[in-house]
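Chemist: would you be able to build a 3D model of this:
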Amino acid sequence: MLLKTFVCLMCSVTMALDVCLNNGNFLVKQEPKQLLLNPGETAIINCTVIPKEFKVKDLNFRKRFTKLITIRSHNTEYMDKEKYTNRLTYSGQAPHFTLMLKNVTHDDSDLYICDAIIGEFVVIIGEGTYVFAGKQEVTKKENATEELNVNETLNSPKHQVQLYIIIIGITAGLFLLLALFAFVRYFKMEKKNTNHNTYVDMTQTLRRNTMQNNNNVYHRP
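Modeler: Alright, predicted model coming up:
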């Protein structure tokens, strides 16, 4: 989505919307589409302007929206000389260029785009190459230091106190849960026994009342 927005903005500036969207016969063929590299390796990207008959005025190589280098027929301009002068190189000439980014790191992982200015300031843009470089490997020294820090943390008095508190809390929680379960069960049994005794008492009372009523009946001679 961001790439399409960038393309439209470039097209609006150059007044060549149909060309930029490849409705015309111009394009920058960019290969490969993606590169999976280890740290320290070199990213190699090929950019070819089609058709070859058109004169290429400038070729720009970008990291997403940031321009890294502009290649002209008479000179080469780096946007960040400190970071890329010794790492970013190119070979070939119009209409074909090969860009090489050496000693890639994880921070170099991004979308790289070639765009070219041909004819009377007409901009055409490549589809892009996604470069992914794995994270830097942790050195043995850093690894040993990290392991030492972990051991120190686990063996520290503060950590042990926290561990004891957690264990006591879990034990107390289980005890309360068992006590609650026993109380609920005892309450249900008591309620059941109370209802049974009430029923027995009512039955005996009813029997006594019936017998008294029978004895008090008046019989005519």
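Chemist: any idea how this protein splits into domains?
Modeler: 2-133, 157-206 (automatic domain parsing).
Chemist: partner residues bridging the nearest residue to Lys33 once chain neighbours are set aside?
Modeler: Leaving out its chain neighbours, the residue that sits closest to Lys33 by Cβ to Cβ, 6 or more residues apart in numbering is Thr129, at 6.2 Å. C-beta here means a position set from N, CA and C on the backbone, and glycine is covered the same way. Under DSSP bridges, the beta-bridge partners of Thr129 are Tyr112.
Chemist: how about Arg62?
Modeler: Lys67, Ile113.
Chemist: quick one: it from Lys81, how far?
Modeler: Separation of Arg62 from Lys81 (Cβ to Cβ, to the nearest Å) stands at 16 Å.
Chemist: between the two, point out the one with more neighbours.
Modeler: Arg62 (21 against 10; other Cβ atoms under 10 Å).
Chemist: ok, the more buried one to Ile44 distance?
Modeler: Taken as Cβ to Cβ, the span from Arg62 to Ile44 is 17 Å.
Chemist: what of Leu176?
Modeler: Leu176 is 67 Å from Ile44, by Cβ to Cβ.
Chemist: show me where pLDDT drops low in this structure?
Modeler: Where the chain drops to pLDDT under 70, the residues are 1-25, 136-156, 158-159, 193, 195-221.
Chemist: in stretch 99-108, what counts as buried?
Modeler: By 16 or more other Cβ atoms under 10 Å, the buried positions in stretch 99-108 come out as 99, 101, 104, 108.
Chemist: ends of that stretch, how far apart?
Modeler: Across its full length, stretch 99-108 reaches 14 Å between end residues, using Cα to Cα, to the nearest Å.
Chemist: neighbouring contacts of it?
Modeler: 37, 39-47, 61, 63, 69, 86-91, 112, 114, 131, 133-136 (Cβ atoms under 8 Å, 6 or more residues apart in numbering).
Chemist: just the buried ones from those residues?
Modeler: 37, 43-47, 61, 63, 69, 87-88, 90, 112, 114, 131, 133.
Chemist: thought Phe26 was touching Val123?
Modeler: No: counting by Cβ atoms under 8 Å, Phe26 stays clear of Val123, with 9.5 Å between them.
Chemist: still on that earlier bit, how much space between the residue nearest to Lys33 and Leu176?
Modeler: For Thr129, the distance to Leu176 - Cβ to Cβ - is 62 Å.
Chemist: can you check Ile165 too?
Modeler: Ile165 sits 16 Å away from Leu176, going by Cβ to Cβ.
Chemist: ok so, going back, count the residues that sit near the residue nearest to Lys33.
Modeler: 22.
Chemist: try Tyr130
Modeler: So Tyr130, with other Cβ under 10 Å, has 13 neighbours.
Chemist: what's the answer for Val184, then?
Modeler: Counted with other Cβ under 10 Å, residues neighbouring Val184 total 10.
Chemist: and what about it, helix, strand or coil?
Modeler: Classification of Val184 by DSSP: H, G, I helix; E, B strand; the rest coil places it in helix.
Chemist: returning to what we had before: export the buried residues of stretch 99-108 as TSV, with columns for secondary structure.
Modeler: Formatted as TSV, those follow (three-state DSSP):
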residue	secondary structure
Leu99	strand
Leu101	strand
Val104	coil
Asp108	helix
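Chemist: closest one to Glu31 out of these, please.
Modeler: Leu99 (11.2 Å; Cβ to Cβ).
Chemist: who is the closest one paired with across the strands?
Modeler: Ile45, Tyr90.
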